[in-house]
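[1] Sharing a model that was predicted from the sequence below.
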2 protein chains.
Amino acid sequence: MEVITKINEMRTKVFSVKDSKKSIGFVPTMGALHGGHISLIRSAKRENDVLVVSVYLNPAQFDNKDDLDEYPRQLNEDIELIRKEEADVVFAPGTEEMYPDGFCSYVTQDKLTDTLCGRVRPGHFKGVTTVITKLFNIVKPDRAYFGQKDYQQNAVIKRLVGDLNMDVNIQVCPTVREEDGLALSSRNKRLNPDERRSALCIYGALLKARAMFASNITDAKEIIEEMTAMIKNTEHTKIDYISIVNDYTLEDLSSINEKALVAVAVWVGNTRLIDNTILE
Amino acid sequence: MEVITKINEMRTKVFSVKDSKKSIGFVPTMGALHGGHISLIRSAKRENDVLVVSVYLNPAQFDNKDDLDEYPRQLNEDIELIRKEEADVVFAPGTEEMYPDGFCSYVTQDKLTDTLCGRVRPGHFKGVTTVITKLFNIVKPDRAYFGQKDYQQNAVIKRLVGDLNMDVNIQVCPTVREEDGLALSSRNKRLNPDERRSALCIYGALLKARAMFASNITDAKEIIEEMTAMIKNTEHTKIDYISIVNDYTLEDLSSINEKALVAVAVWVGNTRLIDNTILE
């Protein structure tokens, strides 16, 4: 496995892969790998000739400096995890490589980024769309893999790829959960044992929404009220948003007569967690 | 020569060219071709295996609806001109193809777009960077050709390509001029004979700047004052800007001790014309 830190070396590698007509599967990560990432890496490994995993903690997508400072960093451990999955390349550029002095070009999106996490994390999605455009241009993947937990991010990236005519197939893989249902996230490491117990209410609220919908309750307000009560009754939590939206436009739904995304963001102590489920 | 109007057909063509390891030279135009475009097309033809010329009047880069409405349109004539140059493909998509309903992703730039034409044409460069990103992603050229007349646009595009890690070599070719010195532009067609005579003062002012610099005058203000006087003394003109800036950062210079761009935008009647020269 090669560990590449320079964009030009990555390009050279990509050109040689393309020359040999092999397909490239790509998993972009911010490091601090967990089972969710591993499941993406395994899908990419299975479905492509060459597997590239990037590890780059992109400062541009952090709207909150504390969140960036506290984000777990473990590059050497990540590289060993990726090596076990028999990846071909780890691409781990530094920030001076990705955003050199004088950098001034950005990719932005409206509509899909005005809602849900975009409402409370200004600049976050601009950071995501810019770095993903750069990484796609450098790695030139045939397929790129993302987890369903980041539903809005994936919707934004899919639209980006379509709008800007990029040749990348976006593969969204199911959210991987702990046995008790908590969605895997690099941020889970920050939870103390009490908070870890409290965090479970997020998945509980999503299950509640599924159960209500299964018993023919389609009024979004009613479902959101039940979810809100469940989470509010749990210690250490503060709701950021609970929304039920059209799964494609991400616009609020009052009644669930079409495929709907139930998306939740909750602070548990000082850690903000997100999760979602689809109702259809 | 193929005339392609659909993005998917263009992609298929591009993939077959790439498969045969041929290089692609690309000249993006808004149509209304003149000798300046032809010189770009000939350079691209000479330096590449396959020549693609696009004709797309991009509404997103017009800040002024009248300017868009009055921009000359002559697709069939353009296609015949391109055919004579033995291009392989004309790519002429419609706007519903380039900006379908729900389109919401844009490429933006700061710094380089805040000055010169960016100051007076809000949104113009966002339209340029977005459409160029799309066209580059669709056509995947090895080299793309632009005329020096659009100096700021070219600086913006070069920075864009670097910042977003696109694999396109940007070739800037000299401005082509009428015998009397007026820079060729699709907008020249709108000038009446009186205005056409007046328009010459733009090139005259640039020659004046060159002459002053050649006689060791390096004070930007002094040069700009002379140029301003020359243009103000010409009927039908209104100065938009006359600037002397660093050729890379496009920041104003007070004294010309480094490579400098002298850039001019002047209204002649109802037509806005730009031109420039480099001092070094």
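    Looks like it came in fine.
[2] buried stuff in the top helix by length along chain A?
    In chain A, taking DSSP state H as the definition, the longest helix is helix A:193-214. Within helix A:193-214, the residues that count as buried by 16 or more other Cβ atoms under 10 Å in any protein chain shown are A:195-199, A:201-206, A:208-209, A:212-213. The C-beta positions use only the backbone N, C-alpha and C, and glycine is treated the same way.
[3] One more: stretch A:52-71?
    Buried residues in stretch A:52-71 (16+ other Cβ under 10 Å): A:52-58, A:60-63, A:67, A:71.
[4] quick one: which of the residues you listed is nearest residue B:31?
    residue A:60 (36.9 Å; Cβ to Cβ).
[5] that older thread, out of the buried residues of stretch A:52-71, which two sit at the greatest distance?
    Across those, no pair lies farther apart than A:52 and A:63, at 27.7 Å, counting by Cβ to Cβ.
[6] Can you get me a residue count around residue A:121?
    A count of nearby residues for residue A:121, using other Cβ atoms under 10 Å in any protein chain shown, gives 20.
[7] before we move on, what about residue A:82?
    The burial count for residue A:82: 27, using other Cβ under 10 Å.
[8] Residue A:273 and chain B: what is the separation?
    27 Å (Cβ to the nearest Cβ, to the nearest Å).
[9] ok, what's across the strand from that residue?
    Beta bridges link residue A:273 to residue A:266, judged by DSSP bridges.
[10] now it: how far from residue A:147?
    Per Cβ to Cβ, to the nearest Å, residue A:273 is found 14 Å from residue A:147.
[11] residues touching residue A:279, list them.
    When contacts are counted by Cβ atoms under 8 Å, 6 or more residues apart in numbering or on different chains, residue A:279 touches A:209-210, A:213, A:244, A:256, A:259-262.
[12] Throw the residues you listed into a markdown table and include distance to residue A:157 and pLDDT, thanks.
    Shown next, in a markdown table, are the contacts of residue A:279 (distance: Cβ to Cβ, whole Å; pLDDT from 0 to 100):
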| residue | distance to residue A:157 | pLDDT |
| --- | --- | --- |
| A:209 | 25 | 98 |
| A:210 | 26 | 98 |
| A:213 | 27 | 98 |
| A:244 | 22 | 98 |
| A:256 | 25 | 97 |
| A:259 | 19 | 95 |
| A:260 | 20 | 98 |
| A:261 | 15 | 98 |
| A:262 | 20 | 98 |
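[13] Not counting sequence-adjacent ones, nearest residue to the residue nearest the centre of chain A?
    For chain A, the residue nearest the mean C-alpha position is residue A:150 (3.6 Å; Cα atoms, centre = their mean). The spatially closest residue to residue A:150, leaving aside those adjacent along the chain, is residue A:274, at 7.5 Å (Cβ to Cβ, 6 or more residues apart in numbering or on different chains).
[14] Would you map out the domains in chain A?
    Domain assignment of chain A by automatic domain parsing yields the ranges A:2-173, A:186-279.
[15] Kindly reformat those as a markdown table containing distance to residue B:223.
    Listed next are those as a markdown table, based on distance: least, Cβ to Cβ, whole Å:
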| stretch | distance to residue B:223 |
| --- | --- |
| domain A:2-173 | 27 |
| domain A:186-279 | 54 |
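[16] Tell me which of those domains sits nearest to residue B:172.
    Nearest of these (Cβ to Cβ): domain A:2-173, 18.2 Å.
[17] Figure out how far that closest one is from the centre of its chain.
    Mean C-alpha position of domain A:2-173 versus that of the full chain (Cα atoms, centre = their mean, to the nearest Å) differs by 10 Å.
[18] what mean pLDDT does that domain have?
    Across domain A:2-173, the average pLDDT comes to 96.
[19] Equivalent analysis for stretch A:191-199, please.
    98.
[20] Alpha carbons of that stretch, as PDB, please.
    The C-alpha coordinates for stretch A:191-199 follow below in PDB (Å, rounded to 0.1, in the frame of the first residue of the first chain):
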ATOM      1  CA  LEU A 191     -18.900  11.100  25.000                       C
ATOM      2  CA  ASN A 192     -18.500  10.200  28.600                       C
ATOM      3  CA  PRO A 193     -20.300   7.100  29.900                       C
ATOM      4  CA  ASP A 194     -23.400   9.100  31.000                       C
ATOM      5  CA  GLU A 195     -23.600  11.000  27.700                       C
ATOM      6  CA  ARG A 196     -23.100   7.700  25.800                       C
ATOM      7  CA  ARG A 197     -26.200   6.400  27.500                       C
ATOM      8  CA  SER A 198     -28.100   9.600  26.800                       C
ATOM      9  CA  ALA A 199     -27.100   9.500  23.100                       C
END
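[21] ok, back up a step: could you dump the contacts of residue A:279 to TSV with distance to residue B:39?
    Formatted as TSV, those follow (distance: Cβ to Cβ, whole Å):
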residue	distance to residue B:39
A:209	63
A:210	64
A:213	64
A:244	58
A:256	60
A:259	53
A:260	56
A:261	53
A:262	58
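[22] what's the closest of those residues to residue A:168?
    Out of the contacts of residue A:279, the member with the shortest distance to residue A:168 (by Cβ to Cβ) is residue A:261, at 22.5 Å.
[23] Tell me the bridge partners for that closest one.
    Beta-bridge partners of residue A:261, as defined by DSSP bridges: residue A:245, residue A:278.
[24] Is it correct that it is in contact with residue A:249?
    No: using Cβ atoms under 8 Å, residue A:261 is not in contact with residue A:249, being 10.1 Å away.
[25] Quick one: name the residues of chain A near chain B.
    Within chain A, the residues that sit near chain B (Cβ under 8 Å from any Cβ of the partner chain) are A:7, A:11, A:102-112, A:129-130, A:133-134, A:137-138, A:159-160, A:163-167, A:249.
[26] Please, where are all the strands along chain A?
    Secondary structure of chain A (DSSP state E): strands located at A:2-4, A:24-29, A:50-55, A:89-91, A:105-109, A:143-147, A:169-173, A:237-246, A:260-268, A:271-279.
[27] Go ahead and name everything in contact with the third one.
    Yep, that's strand A:50-55 we're talking about. Strand A:50-55 has contacts (Cβ under 8 Å, 6+ apart) with A:17, A:22-31, A:33, A:41, A:44-45, A:75, A:78-79, A:82, A:85-93, A:135, A:139, A:141.
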